[in-house]
Structures are given as structure tokens and as C-alpha cells.
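Peer 1: Give me coordinates for this.
(one chain, ligands or ions: 1)
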Amino acid sequence: MRTRSLGPFGVEVLDVDASRLLEDDDLPGACLEALEEHGVLLFRELHADDAVQAAFGRRLGELVRFPAYANPEVMEISFDPANPNAEYFASNDYWHIDGAMDAIPAKAALLSARVLASEGGETEFASTYTAYDLLSDREKADYADLRVLHTFEAVQRRAYPEPTPEQLAEWASRKVREHPLVWSHASGRRSLVFGVTASHVIGTDSRELLDELEARATTPDRVLRHAWSVGDLVIWDNRGLVHRACPFDRTEPRRMHRTTLRGDEPIS
Ligand SMILES: [Fe+2]
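Peer 2: A predicted model of the protein is given here:
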């Protein structure tokens, strides 16, 4: 697999087309290895359709199923009112880890661009491994045992700052999830767990520290921004990155297709 660097992290894969995704026996292993090392893999204008995208996803791991969609292995991300999750995509423009409210978050995601807005709508990534590495030794010691509450309400409050009583009641009925701030991965690496789902540090009422750590990890020099062309496929390591969508006109019919690899490592 020939690659070139995309910036602070991430690589573009130069010599893979859609047919090689399904036919090259060495490719899945090489991709998983590159994902662990580089965080993001970009396949420019690959034009893999849903069947190919899902089939390649299955070669990389077990897929999460989304029964609400025509192809349950491919979630459509759009603000089309007919999209069953349109309301929940409203917070995609805040830094987040996919599935941070789950016991085990997704391992990785494959995202392809099908219809693009006339401007904006780029996807940005920042490394949560780097976020940990930026801490001083003193901070690493001080934060080692901190725990953070992640809530659905924290997410929805950003998109709907003046919720109706019905929205508040619905949010309060959702699960909450406690995670350590520092994720000690099976690989031996450490990352910080923050983002829009993080409500507050347990034992405080504040998300001040969470905001500060997020700001340090997402300065422009540490962010990989991908400006999409139709047909691009990006795979990212959801365990070591946060991501967000850049603003665009939400009345335009932008549509992205996501295939999600089931996680196998709890945040601990
Ligand atoms: Fe996401």
C-alpha cells in the first residue's frame, strides 16, 4: 500500500481502487495496521457503493447494524427530514467520539461522500493520543484517576439551547455513562476521553477542565481537515481521535454514508 502524509497525522492511500478493496487479501491487515499508526486513511474518489463499502468493512471487523436504514450496514447521515436520525446529527459539528455513550465505543468508521453542499461540510479530526501526550507530568499524575460523566443531554443542549419540556424529559430518560478521563488502551497507549458527550468531571459541577483539554488538543496545527470530493472514502480510528463536521447550509442535500466497525475495547 503506497501512502503519503496528510499533515499532523493521517495518510492518503494512493494505489487502491474499489475492486482492490475486495480482492487484495493483504489489504485489510495493512489498513488496520496503518489505522493504528496514522489514525486516518483517505481513499480519494474511490466511488465504492454501499455494497462494496459494507463488504470492505466486514473484511476489517464486525459491523454495527442500523436497522432503520435500507442497508442496515450503512447509516445515511443527512438533514433530510425523512432520515430517521436527522435530529441527532445536529450536534455533529462539535468534537466527539462516535458511541461515547456506549459501554464499548466503535473501533473505527468508514465514511464516504455521496452528495456535497456547495461549500463547507469538511470533516475535522484531532488525536486524543496527542491530547494525553500534551499533558505535563504533573497533569498526568493529577488527572490519572478523574472520571467524567457523559450524557445525551450534554450533546443535545448544544444543538437545542432552549429545550422544550418534552425534549428535556426525553433526554433525561436516556442512558448516562461514566468513563475515566484517561483511557489506558490494550496497546499500552493512553488517550484522553472528551468531547460533546462529556457533561462534567465527577465530583465537580464543571466542564472547565474538559473544555481546556479539548482546546489544547484541537489547535489548528493539530487538526486534520478533510475537504470532501464526491466518492472519497475516509476510515478513522474512533478510539484515538475526536472528529466533527464543519458548518454548511443544512437546507442543501448533503449526504454521507457511514459503516461502523464494532468496538472490542471498553474505555478503561
Ligand atoms: Fe461522528
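
Peer 1: contacting residues for Asn92?
Peer 2: Contacts for Asn92 were tallied using C-beta atoms under 8 Å, 6 or more residues apart in numbering; they are 77, 244-245. Every residue, glycine included, has its C-beta placed from N, CA and C.

Peer 1: Mind listing what's buried along the helix or strand containing Gly57?
Peer 2: Using DSSP states H and E, the element containing Gly57 is helix 50-60. Within helix 50-60, the residues that count as buried by 16 or more other C-beta atoms under 10 Å are 50, 52-57, 60.

Peer 1: same deal with stretch 36-43?
Peer 2: By neighbour count with 16+ other C-beta under 10 Å, stretch 36-43 contains the buried residues 38-43.

Peer 1: show me where this structure has helices.
Peer 2: Residue ranges of the helices in the chain, as given by DSSP state H, are 18-23, 27-38, 50-60, 128-133, 137-143, 152-159, 165-172, 208-217.

Peer 1: avg pLDDT for the second one?
Peer 2: Summarised as a single mean, pLDDT over helix 27-38 is 97.

Peer 1: related to what we said a few turns ago, nearest to Gly188, of the buried residues of stretch 36-43?
Peer 2: The nearest member of the buried residues of stretch 36-43 to Gly188, counting by C-beta to C-beta, is Gly39 at 16.5 Å.

Peer 1: which ones are touching the closest one?
Peer 2: With the criterion set at C-beta under 8 Å, 6+ apart, Gly39 makes contact with 9-10, 125, 127, 224, 236-237, 240-241.

Peer 1: My guess is Ser207 contacts His200. True?
Peer 2: Quick fix: residue 207 reads Arg, not Ser. Yes: because the distance of 5.1 Å satisfies C-beta atoms under 8 Å, Arg207 is recorded as touching His200.

Peer 1: any idea how far Lys261 lies from His243?
Peer 2: Careful, residue 261 is Leu; it's not Lys. Between Leu261 and His243 the distance, using C-beta to C-beta, to the nearest Å, works out to 15 Å.

Peer 1: wait, which of the buried residues of stretch 36-43 is closest to Thr218?
Peer 2: Within the buried residues of stretch 36-43, the smallest distance to Thr218 is 13.9 Å, found for Gly39 (C-beta to C-beta).

Peer 1: Just the pLDDT for Val74.
Peer 2: pLDDT recorded at Val74 is 98.

Peer 1: I'd assumed Arg255 was in contact with it.
Peer 2: No: proximity of Val74 to Arg255 does not meet the contact threshold set by C-beta under 8 Å, at 11.1 Å.

Peer 1: The two: which is more packed in?
Peer 2: Applying other C-beta atoms under 10 Å to Val74 and Arg255 shows that Val74 carries more neighbours, namely 21 against 16.

Peer 1: What spatial separation is found between that one and Glu252?
Peer 2: Here the distance between Val74 and Glu252 works out to 21 Å (C-beta to C-beta).

Peer 1: can you give me phi and psi for the closest residue to Arg250 other than its chain neighbours?
Peer 2: Of all residues beyond its chain neighbours, the one nearest Arg250 is Phe79 (4.7 Å), with distances taken as C-beta to C-beta, 6 or more residues apart in numbering. Note on Phe79: its backbone torsions stand at phi -100, psi 20 [degrees, to the nearest 10].

Peer 1: How many neighbouring residues does Phe79 have?
Peer 2: Using other C-beta under 10 Å as the criterion, Phe79 is surrounded by 18 other residues.

Peer 1: cool, and Glu122?
Peer 2: 15.
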